[in-house]
Structures are given as structure tokens and as C-alpha cells.
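Student: predicted structure and sequence below. I'll ask about it afterward.
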Protein chains: 2
Amino acid sequence: MAARREAGEGEPMLVWERPEPPSRPAPSPLSRDRIVRAAIELADADGLEAVSLRKVAAALDAGPMRLYGYLSTKEELLDLMADAVYGEIPPPVRAGDDWRGALRSLAHGVRAAGLRHEWLINLLSGRPNLGPHALAHGEASLAALDGAPGFDHIDTIMLAVGTVNVYVLGALQRQIADLRAARATGMDEREWQHAAYPYLARMLATGRYPTLARFVRDASHTDADTTFETGLDCVLDGIAARLPRA
Amino acid sequence: MAARREAGEGEPMLVWERPEPPSRPAPSPLSRDRIVRAAIELADADGLEAVSLRKVAAALDAGPMRLYGYLSTKEELLDLMADAVYGEIPPPVRAGDDWRGALRSLAHGVRAAGLRHEWLINLLSGRPNLGPHALAHGEASLAALDGAPGFDHIDTIMLAVGTVNVYVLGALQRQIADLRAARATGMDEREWQHAAYPYLARMLATGRYPTLARFVRDASHTDADTTFETGLDCVLDGIAARLPRA
DNA sequence: TATATACTCGATACACCGTATCGTACCGAT
DNA sequence: ATCGGTACGATACGGTGTATCGAGTATATA
């Protein structure tokens, strides 16, 4: 937009016709927060692969290298994005003796965040996140179970929280994979309906996967939410079975 | 290696001193399998981000564009890599009435493959894999539980297999994240020991995470294998609780 | 006030990526 | 022997993350 003259072209640009007093064209505070927010907006809109330092910088009216004053690497930006999402998750709490409710709220909080920002699951496959918000979430998770009836030993709490977290992570991964496939259906119907579905039908029709074919035909395809809930109940039941007799 | 003359430099290369009769310097069969194997070797050695079409092609003594005769896109290569790993997993089987054993073998098979090829978990976050080997594995998984005592309804089997799979996926994701962090410790001690550990200690010392600090201090840090096993038992117990009275 | 110095910033550049394009060199048919 | 089709791969393009370093500002000194 700024009709900036290309440098090094034609006559040597005279000093007083500089396009802008470049002293500080727009102070443009810029901060890690603003950068991370811009990156998250980009990722939410166009996926994680659309997050490039150049695009983020452009969204903030800055040059790419400007960001390196606030970040040392792109990985750091990704870590900050993940931690920012952890900051969105309401801390799980326990009401009275309801440890199941506590673990449920933990699970639902993480799941909701993961569905709100589908790229999160891809970031969690990297190194573990130890940002302040992630730590705070971990703190709240443990605290919510601390002292609950039956959870006398620390290891019991670790097992419960760990297993639920692991289940949520896996469920997110699976649902989002399916979701992306379904999205491809909706937006690019040709690709899925003309490629994947007939492909699957053809594969199943070969007779090499008889059990699979029967299951695809006969299973009651419940929606993702209740599938998640049922699996979560499974895990909670398993945890309950490990508790000392109530 | 072929001391090929740079073209367009110096005198015009005379026709009869062409470096090679380029009719077919080395027939170099090349096949999807060979390409996928090379890519997997690269990924195993240097991580998924080291897999570029250029490097894979170079490993096969070919130019980058050569691969496009066998692949339509890099994503396709990644899909093939994932499916190849599924092909390594021994199909889960059931001995007699031991449905727990069947689910255990399913879990261990997937986990072993995921640990053998740490990049696999990053690929599974994408769209669902429907390659022939993946389908065969799904077939075997369902068949292993089909007709087991208590698993009368198809939905019960789906729940069991689905939940176990989801648990394994999540556990893999977590363990590999930790593993990568630990690896950074070993190979690049400076980075972890001088950065992450003091960082964590500092964070815990702030007093903002009292429960977390206590747990980190007091918990018995069991190794990854038994942690996995314990969580898996949890899940299996939960499944058992959903079965009709034996 | 004039000048020297430190420092910050961002334009430029580099190596690498995935892949579209298309001249060319081959093969088979006429 | 000539021609037509085909397939290959060198070249090129637009993108990426980030190292480098010259220019321009602000500060300290004479």
C-alpha cells in the first residue's frame, strides 16, 4: 500500500523525498502475546501449515525478521501457541467427593480446547509442553484429585490423571483425523466421494476383509461425542476398580 | 560423482565428448517399495523432517522429479510410509477365550511399531490411514475379538477395540514426546540440562504449583513400560465391567 | 553544539523445500 | 529413413526458516 520506491533503481533517491521518516513509521508495540495471537488466528483459519513467520509478521504489518526480537525460533512460537491454548482450558475442579466429575471436567476441558484448535494435537506430538499455562493446568488437575476418597497414594492420582489424559489425547487424535477426512468430503466432495469412498468400498468388496466389511455394514455408527463419553466411562470404571473398596 | 561437465560454461561442448551416452546410464529399476523403504530409513535415522523428496531421491541415485512417476505427492509418500509400518505389526490373535490377551497383543503390537518408528505418531494425526496393511490390521483386530465370550454385540467389540487403540495412541504420543526430550538431554546435554531442568526447577520453586511440586518430589517414577501396562490394565478392567456377567 | 560510539532493526541473501513446466531424447510405427 | 508420441528429468518458481550485516537512530563525549 505504501507506495514505497524500490531502492537501487533509477536515479539515486534524494534524501528529502524519502517515502517516510523511517525513524518509527508506526511504533507498532508488538509483543509475544500479539504475535502468538496472530499465529493462532492463522492456524485456526487455515491450519498449522499456514503458520509461517512471514505470514504472521505480515498479519502484524511487520517484516519477518522483526519477530526474532521476540522469538528465537519458530519452534518457540509453536510452543507458545500450545501453551496459550492450555491457558484457555478451565481448571478442572472437584465438587465434594465426586472424583469422577473432576476427571470428567478435566477430560472435557482438554477435548474442547483440542477441538477448538485442531492443530493442537499436532503440536502435542512434539516435546512435552512445560509452559506456565500447561503447568497450571497440570497443577489444577492433580489438585482436583488430591485428597479425594480412595486416592490416598500419590501414584493412584498419577495413574488416574495420566490415563485420562492419555485417553483424551488419543481420542482427539482419532476424531480430528476423521474430522479432517470428513471436511475434505464437504469442501472438496469430489476428492472424498470419488476417491476414498469407492476406494474403501472396492477394498471391502475384495473379500479380504470380511470381518471389517461386516462391522462397517452392521455397526451402529454413533456420533463422536457419545463415543468419547462411552470410552471415557470405560476408563473411569477401570480407575474405580483400582481404588480400595469404598 | 559422474564428472559431468557443467553446461553452458566455457566453450560449447562438442557433441562427441558428451560425458555419457545418456541412453540409460543405470536402469535403476526403482519402485514404490524401494522409495518407501528409503524414506523410512531416512525417517528412522534423522526424523520425519529429514524426509524430503530431494533426499529420498538422492538416496536412490535419482533426481527429485523421478519420484513423481511413482508418487503424485509427498503426502502420498507419507501415507505409504504409515501403511508400511502397519504391515510390520503382527496381527493380533486370540487364544481360546482370552479376550484380554487379544487386546493386549493388539496394544503391544501397535506400541512396538510406534516406538520402532517414532515418526509414525506424527503421521497418524493426519487423515485416517486406509492403506491395505492398515485395513488388514483392523480386520485382524476385529476378528480377534469376534465371537469372544461376552462380546456378543458388534458395538461392544467396536468399543473395546476403539478404546484400546485410542489409549495406545495417546500413550505413544506422550511417551515419544518425553523420549524426544530425554534424547535431547543425552545428545545435546547443554540444551536440556542447562535450559529445561533448571527452568522446571525454577517454575516449581515459585510456589505457584504446590501440588505439582509435591508430586514431582514424592511420586515413584516408574518406567514407561510398566506405566503403559498399568494404564492398559485400567482400560481392560473398564471394558470387562461393561461385559454381561460372566 | 558538534562529533564519536554503541546499538538496534530490518532488508537482503542463502540454502532448502515441493512441484509445474517443457525441451529433449528415446522408442515404435510407418 | 522418417516421423509421432511419450516419458524423463533439468530447470525454474514461489515458498520456507533464519544468518548476516549495512544503515540509521540514539546516546555519550569533547
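Tutor: Great, that's in hand. Numbers count the residues shown, from 1 in each chain, chains lettered A, B, ... in the order given.
Student: CA atoms for contacts and neighbours, from now on please.
Tutor: OK.
Student: low-confidence stretches in chain A?
Tutor: Applying pLDDT under 70 to chain A picks out residues A:1-28, A:186-195, A:246.
Student: ranges for the strands of it?
Tutor: Using DSSP state E, no strands are found in chain A.
Student: got the domain boundaries for it?
Tutor: Domain assignment for chain A by automatic domain parsing gives A:26-84, A:96-242.
Student: need those domains in a markdown table (columns: distance to DNA strand D).
Tutor: Converted to a markdown table, these look like this (distance: least, C-alpha to the nearest atom of the strand, whole Å):
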| stretch | distance to DNA strand D |
| --- | --- |
| domain A:26-84 | 3 |
| domain A:96-242 | 14 |
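Student: which one of the ones you listed lies nearest to B:Arg34?
Tutor: domain A:96-242 (23.8 Å; C-alpha to C-alpha).
Student: most centrally placed residue in chain A?
Tutor: In chain A, the centroid-proximal residue (C-alpha atoms, centre = their mean) is A:Leu120; its distance is 1.6 Å.
Student: is it true that that one touches A:Ala112?
Tutor: No - at 11.1 Å, A:Leu120 and A:Ala112 do not qualify as touching, with contact defined as C-alpha atoms under 8 Å.
Student: for chain A, which helix is longest?
Tutor: Counting residues, the longest helix found in chain A (DSSP state H) is helix A:154-187.
Student: helices or strands next to that one in the packing?
Tutor: helix A:99-116, helix A:120-124, helix A:132-145, helix A:224-242, helix B:154-187, helix B:224-242 (3 or more C-alpha pairs under 8 Å, 6 or more residues apart in numbering or on different chains; DSSP states H and E).
Student: now for the second one, which elements pack on it?
Tutor: Going back to what we said before, that points to helix A:120-124. Using 3+ C-alpha pairs under 8 Å, 6+ apart, helix A:120-124 sits against helix A:74-88, helix A:154-187.
Student: what parts of chain A come near DNA strand C?
Tutor: Within chain A, the positions near DNA strand C by C-alpha under 7 Å from any atom of the strand are A:Ala7, A:Ala62, A:Gly63, A:Met65, A:Arg66, A:Gly69.
Student: hmm, which of these are the buried ones?
Tutor: Buried members of these, counted by 16 or more other C-alpha atoms under 10 Å in any protein chain shown: none.
Student: using a markdown table, lay out the residues you listed together with distance to chain B.
Tutor: Formatted as a markdown table, these follow (distance: C-alpha to the nearest C-alpha, whole Å):
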| residue | distance to chain B |
| --- | --- |
| A:Ala7 | 32 |
| A:Ala62 | 28 |
| A:Gly63 | 26 |
| A:Met65 | 23 |
| A:Arg66 | 25 |
| A:Gly69 | 19 |
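Student: JSON lines please, covering the helices and strands packed on helix A:154-187 and showing distance to B:Arg104.
Tutor: Shown next, in JSON lines, are the helices and strands packed on helix A:154-187 (distance: least, C-alpha to C-alpha, whole Å):
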{"stretch": "helix A:99-116", "distance to B:Arg104": "24"}
{"stretch": "helix A:120-124", "distance to B:Arg104": "25"}
{"stretch": "helix A:132-145", "distance to B:Arg104": "28"}
{"stretch": "helix A:224-242", "distance to B:Arg104": "15"}
{"stretch": "helix B:154-187", "distance to B:Arg104": "9"}
{"stretch": "helix B:224-242", "distance to B:Arg104": "8"}
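Student: mind listing what the closest residue to A:Ile89 other than its chain neighbours touches?
Tutor: The shortest distance from A:Ile89 to any non-neighbouring residue, by C-alpha to C-alpha, 6 or more residues apart in numbering or on different chains, is to A:Gly109 (5.5 Å). Neighbour list for A:Gly109: A:Ile89, A:Pro90, A:Pro91, A:Pro92 [criterion: C-alpha atoms under 8 Å, 6 or more residues apart in numbering or on different chains].
Student: so A:Asn165 sits against A:Ala107, correct?
Tutor: Yes - counting by C-alpha under 8 Å, A:Ala107 is a contact partner of A:Asn165 at 6.8 Å.
Student: hang on, the earlier thing: what's the ChimeraX line that selects buried ones from the contacts of A:Gly109?
Tutor: Buried residues within those, by 16+ other C-alpha under 10 Å, are selected in ChimeraX with:
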select /A:89,91,92
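Student: ok, the contacts of A:Gly109 vs chain B, which is closest?
Tutor: A:Pro91 (13.0 Å; C-alpha to the nearest C-alpha).
Student: how about the contacts made by the closest one?
Tutor: A:Leu106, A:Gly109, A:His137, A:Ala140, A:Ser141.
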